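Novice: Structure for the following, please:
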Amino acid sequence: MDHIESGDTRRALGSFLRARRGRVAPEHVGIAGGRRRRVRGLRREELAQLAGISVDYYVRLEQGRATQPSPEVLDALAGALRLDVAERRHLATLAAARRDPAPRARVSPLLQRMLHSMADFPAFVTNHRLDAVAWNSLGAELIGGLADQGGRDRNNARYIFLDLASRVVYPEWEDRAAEAVGQLRVSAGRFPDDAELAALIAELSERSAEFRRIWDSGEVVMCAAGRKRLRHPVAGLLTLDYETLQVPAAPGETGLSLHVFSAGEGSREATALARLAETATQVPDLVETGS
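Specialist: Numbering: from 1, shown residues only. From the prediction side, this is the model:
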């Protein structure tokens, strides 16, 4: 497994390129496959040719011996590797010379009031390590008893990979697992000197073979909007719309992600959420004010 080590951004760039190269089927880019191929995905020379760069330069990029590739080279590599928007941003982050310092997270009083006012909408807030740092009562109840003292792990990645209960809460567990890994990968690229983040990734790598498998794939997934299915012991299986809103950071602080769920008006899910809101234990909306 290719680990993200503190300050080791050149190695991270090479690891990402290797992983994504392994996922491109030759026949999808006009290259004959055949049974004799021993390499999964594209060969280095094939990718270099597709991107219009020398094989030697590409090899040096993968080996961490070339630094700061130009925007043109990155764009060519992204096109050859068929990267999506999130993956292109991650590639650019890994290739940049500048790195952000290990960030802090602060749940502002305004954000707390917003959560409290959204009583009919399950909502919770995460930081770049996927720690749940704030929630409202319905949000805490919906995703596995988040507010219970001594209950589920409040780090969503650790909960997904190390707690079997997550497979009950998330019927599409594989999708949720890929999202968690993809978001941690993006954070590791942005904040390679964050010791707590590095420790979390190392722990998951050691304790979960599934985490290692998804990490090795080079997965980059960013939550935005769509639909998710969740199972609640009382409300049952719910299909809910969700939005992930980025909370701007104050100077010297990192932004947070606000996850909000809703159900269509008049739907069975809307009725179930309304009943759940009536019985949900009122809990504090704030867990921690900094990290």
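Novice: what's in contact with the helix ranked longest in the chain?
Specialist: Counting residues, the longest helix in the chain under DSSP state H turns out to be helix 173-190. Contacts to helix 173-190, defined as Cβ atoms under 8 Å, 6 or more residues apart in numbering, come from residues 4, 9, 12, 16, 86, 89-90, 93-94, 99-100, 128-130, 156-157, 160-161, 166-167, 170, 194, 197-198, 200-201, 210-211, 214-215, 218-223, 228. Any C-beta I mention is one placed from the backbone N, CA and C, and that applies to glycine too.
Novice: for the helix or strand just after it, which positions count as buried?
Specialist: Counting by DSSP states H and E, the next helix or strand C-terminal to helix 173-190 is helix 195-207. Residues of helix 195-207 classed as buried: 197-198, 200-201, 203-205 (neighbour count, 16 or more other Cβ atoms under 10 Å).
Novice: and the contacts of helix 173-190, which are buried?
Specialist: Using 16+ other Cβ under 10 Å, the buried ones in those are 4, 9, 12, 16, 86, 89-90, 93-94, 128-130, 156-157, 160-161, 166, 170, 194, 197-198, 200-201, 211, 214-215, 218-223, 228.
Novice: Filter the residues you listed down to the ones in helices?
Specialist: 9, 12, 16, 86, 89-90, 93-94, 156-157, 160-161, 166, 197-198, 200-201, 211, 214-215.
Novice: what's the closest of the buried residues of helix 195-207 to residue 43?
Specialist: Checking the buried residues of helix 195-207 against residue 43 by Cβ to Cβ gives residue 205 as the nearest, at 27.5 Å.
Novice: So that closest one sits against residue 216, correct?
Specialist: No: with contact defined as Cβ atoms under 8 Å, residue 205 does not count as touching residue 216 (9.8 Å).
Novice: ok, for residue 120, nearest residue in space, not its chain neighbours?
Specialist: residue 277 (6.1 Å; Cβ to Cβ, 6 or more residues apart in numbering).
Novice: Confirm that the one you found sits in a helix.
Specialist: Yes: residue state for residue 277 (DSSP: H, G, I helix; E, B strand; the rest coil) corresponds to a helix.
Novice: so what's it up against?
Specialist: So residue 277 contacts 119-120, 137-138 (Cβ under 8 Å, 6+ apart).
Novice: so can I have a markdown table of the residues you listed showing secondary structure, neighbour count and distance to residue 69?
Specialist: Formatted as a markdown table, the contacts of residue 277 follow (DSSP: H, G, I helix; E, B strand; the rest coil; neighbours: other Cβ atoms under 10 Å; distance: Cβ to Cβ, whole Å):
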| residue | secondary structure | neighbour count | distance to residue 69 |
| --- | --- | --- | --- |
| 119 | coil | 14 | 49 |
| 120 | coil | 14 | 49 |
| 137 | helix | 23 | 48 |
| 138 | helix | 23 | 46 |
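Novice: Among those residues, list the two that are farthest apart in space.
Specialist: 120 and 137 (10.6 Å).
Novice: count of neighbours near residue 39?
Specialist: Residues lying near residue 39 (other Cβ atoms under 10 Å) number 11.
Novice: Tell me how far it lies from residue 22.
Specialist: Distance, residue 39 to residue 22, using Cβ to Cβ, to the nearest Å: 8 Å.
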